[in-house]
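Colleague: quick check, what structure comes out for this input:
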Amino acid sequence: MLDLVFIERRSKMLNKVKTKALISVGAVAVTSFILMIGYTAGQHSTVKQSRKEIELAVAKLVEDKQAR
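Modeller: Next up is the predicted model:
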């Protein structure tokens with residue numbers, strides 16, 4: 001009888017550990033996903049900004065060349 005109580009307690013303890021481990025892994029996965037989405041969005045906005053700056057510089061050079 002004592003062995004069954006010990007086994008049951010140990011089983012519950014292992015289930016708690018497994019649950020905490022799965023929650024931790026899930027939290028890391030969600031955090032990584034959110035960071036990657038943020039990084040990708042930031043990268044796209046930087047590319048768009050750089051492209052606009054290049055287009056403005058080209059337009060200015062063309063205007064300067066036509067003005068001469």
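Colleague: only C-alpha atoms for contact and neighbour calcs from this point on.
Modeller: Noted.
Colleague: report the central residue of the protein.
Modeller: The centroid of the chain falls nearest to residue 35 when counting by C-alpha atoms, centre = their mean (2.0 Å).
Colleague: now it: how far from residue 41?
Modeller: Look at residue 35 and residue 41: by C-alpha to C-alpha, to the nearest Å, they are 10 Å apart.
Colleague: what's the helix or strand for the residue nearest to the centre of the chain?
Modeller: helix 2-67 (DSSP states H and E).
Colleague: now for that helix, which elements pack on it?
Modeller: Packed against helix 2-67, as judged by 3 or more C-alpha pairs under 8 Å, 6 or more residues apart in numbering; DSSP states H and E, are no other helices or strands.
Colleague: just give me the neighbour total for residue 17.
Modeller: Residues contacting residue 17 under the criterion other C-alpha atoms under 10 Å number 12.
Colleague: how near is it to residue 24?
Modeller: 10 Å.
Colleague: again with residue 8
Modeller: Residue 8 sits at a distance of 24 Å from residue 24 (criterion: C-alpha to C-alpha).
Colleague: next one: residue 13
Modeller: From residue 13 to residue 24 the distance is 17 Å (C-alpha to C-alpha).
Colleague: next one: residue 68
Modeller: Counting by C-alpha to C-alpha, the separation of residue 68 from residue 24 is 66 Å.
Colleague: higher neighbour count, the two?
Modeller: residue 24 (12 against 5).
Colleague: if I look at that one, how far off is residue 16?
Modeller: 12 Å.
Colleague: before we move on, what about residue 43?
Modeller: For residue 43 relative to residue 16 (C-alpha to C-alpha), the value is 40 Å.
Colleague: and what of residue 25?
Modeller: 14 Å.
Colleague: with residue 40 instead?
Modeller: Residue 40 is 36 Å from residue 16, by C-alpha to C-alpha.
Colleague: which stretches of the protein have low pLDDT?
Modeller: 1-2 (pLDDT under 70).
Colleague: noted, bye for now.
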